[in-house]
Every structure is written in structure tokens, then in C-alpha cells.
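Visitor: Mind folding the following:
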Amino acid sequence: MTTINLRRGWLLISMVMQVIPGYAESILEETPMAIAKQISLPQWQALEKKRVVFGHQSVGWNILNGVERLADRDGTKINIHEQRTAPAMAGISHFLIGRNGDPMSKIRDFAAAIDAGAAQGADVALMKLCYVDFNATTDAKKLAEDYIANLETLGKQHPDTHFVAVTVPLMAVQTGPKAWIKRLLGKEPYGYLDNAKRMEFNTLLRERYHSMGRLFDLARVETQSSSGKPCMTRVDGQEVETLCPDLTTDGGHLNERGQELAASAFLSFLSSLP
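Guide: Next up, the predicted model:
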């Protein structure tokens, strides 16, 4: 390509960026969002009697931070303890599992903690993987099979505890002129293929556990935008879920509004379990 043609190409890109007013980049701006759904008194009362065990990493902390704020808002108290031993009282016992980027280490670590007594006397036990455990090359089908097999094995070994699956959280994707330019250059914008793998994993969990009432669908919560329209992108002709930009500050972790939205769904789900 000649220098003149190269300059014309970049001039065209510059003009398009100015003509398209923000393109989809505008969705990254902070927008008003409804306050997290109110937790009813009967729901709080049901939660006060439950012993919950939760294995997680950073987004799990986001959810628990939201739980504490909702409890303060409603003038109630829910016991939250970081421990890998059997829960001594009602509330949420939680602990970090495995290493980020190594999902099998999390699955094995959670199983080891449960077998060592972390869920003794617990009503509910659940574990979540993280968005950083997935990338464009992840074998999502195999990972979902391993996750499900582990959950089912634990359920058989500890029949007095209700084991629940959790969909993996998502990431916000690159949008606007930057994404348009990447496509123009034959490159995939950031986050698209990774979220496609996350959705493949989540779809398999939904197919297995949704109808049984044994699924906390965190990913679905993360797609709830302030406009009411789910946050989706198209990857290879398929609609793929993404984390709504107005629920995060860094594209993966939840901001205060995101935390409270996820916490509200988390508490509502737990209170509904027998």
C-alpha cells in the first residue's frame, strides 16, 4: 500500500469515529440503575436459619460485600465467616478455593475442603469458578463435565447437604470505535471469544440444573442492564451474554450496584431452597 493510500485509510477511520457518535462506547458511561430488589422479611427469616457454605474467589467477595450492605440497609444481621471448617452457626461460611486461571485446582480444592468437614451440618453448599478461568482456548464442555461430576459426587457423599451449581461470571467486552477498528484489521475485539466459552459452560449447567432448582445463575444476573435489555454480543452468528458495563468498573469485578444486584439474587435464591 502506498503512503498516500495508507494516509487515506487512516483518514477514513478517523472520519468514521467522528461520524458515529460514540458508537457503542457510550454504554461504558455510568447510567442510572434501579436499586437492588428488596429482600422481604420472610426471606431474611428463612436465611437466618440456613447454614450456607460458599467456595469462591474475587467475584464471590463482591457478592458477599453486597450481602452485607443489603443487610445493613434492611436493618438485619446475617453472619458471614471466612473459614474452611464446619459452620458453627447459621449464616454464610466461605473460603477461597484454588488458583485463578486454573479451574481444576478450584474444583479439587472445594471437594477436598468439603470432604475434610467444611460442609458438616450445612444446609447448602456451592462453589463458583471465575471469569479468569476461561479464555478463547478453554475446553468449556470438558470443564462443565468435570464441574458437574464433582458436584454430583459430593452430593452422594454428603446427602444431608444441598449442593448447588453456579454459572461462571462474565466480562464486559470491547465496544465502540476501538472494536470497529480491530475488526477492520481482521482482529477479534477483546472479550468476545472468552465470553462465548463462558456461555458454553453456563448453558451446560443450565441444562443440567435449572429445572431441578439447583442453579444460582450469576451470569444471567450480570446481563441485566438499566434499560431492561440484556447485555449481549454476537460471536460467529450466536448471541453471547456479556457483563453489563454499568455493573463494573474494571470489566470483570462488580461495582457497588453490581454487587447489590448479585447479592439480592443470591439471597433470594438461597431463601427459596428447602
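Visitor: so what's Gly155 up against?
Guide: 161, 163 (Cβ atoms under 8 Å, 6 or more residues apart in numbering). (Glycine included, C-beta is placed from N, CA and C.)
Visitor: begin at 44 from here
Guide: Understood, numbering begins at 44; the last thing we discussed is Gly198.
Visitor: right, and the secondary structure at it would be what?
Guide: The local conformation at Gly198, judged by DSSP: H, G, I helix; E, B strand; the rest coil, is helix.
Visitor: quick one: the helices in the stretch 94-243 of the chain?
Guide: With DSSP state H, counting those that start in this stretch as the criterion, the stretch 94-243 of the chain has helices at 101-116, 146-156, 183-200, 219-227, 235-252.
Visitor: Tabulate those in TSV, adding columns for mean pLDDT.
Guide: Output for these, formatted as TSV (pLDDT from 0 to 100):
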stretch	mean pLDDT
helix 101-116	96
helix 146-156	98
helix 183-200	98
helix 219-227	52
helix 235-252	95
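Visitor: what's the closest of the ones you listed to Ser269?
Guide: The minimum distance between Ser269 and these falls on helix 101-116, with 16.8 Å, by Cβ to Cβ.
Visitor: Show me what the closest one is packed up against.
Guide: Applying 3 or more Cβ pairs under 8 Å, 6 or more residues apart in numbering; DSSP states H and E, one finds that helix 101-116 contacts strand 94-99, strand 123-125, strand 134-139, helix 299-315.
Visitor: gap between Leu197 and Ser270?
Guide: 39 Å (Cβ to Cβ, to the nearest Å).
Visitor: The two: which is more packed in?
Guide: Legend: neighbour count by other Cβ atoms under 10 Å for Leu197 and Ser270, higher for Leu197 (19 against 12).
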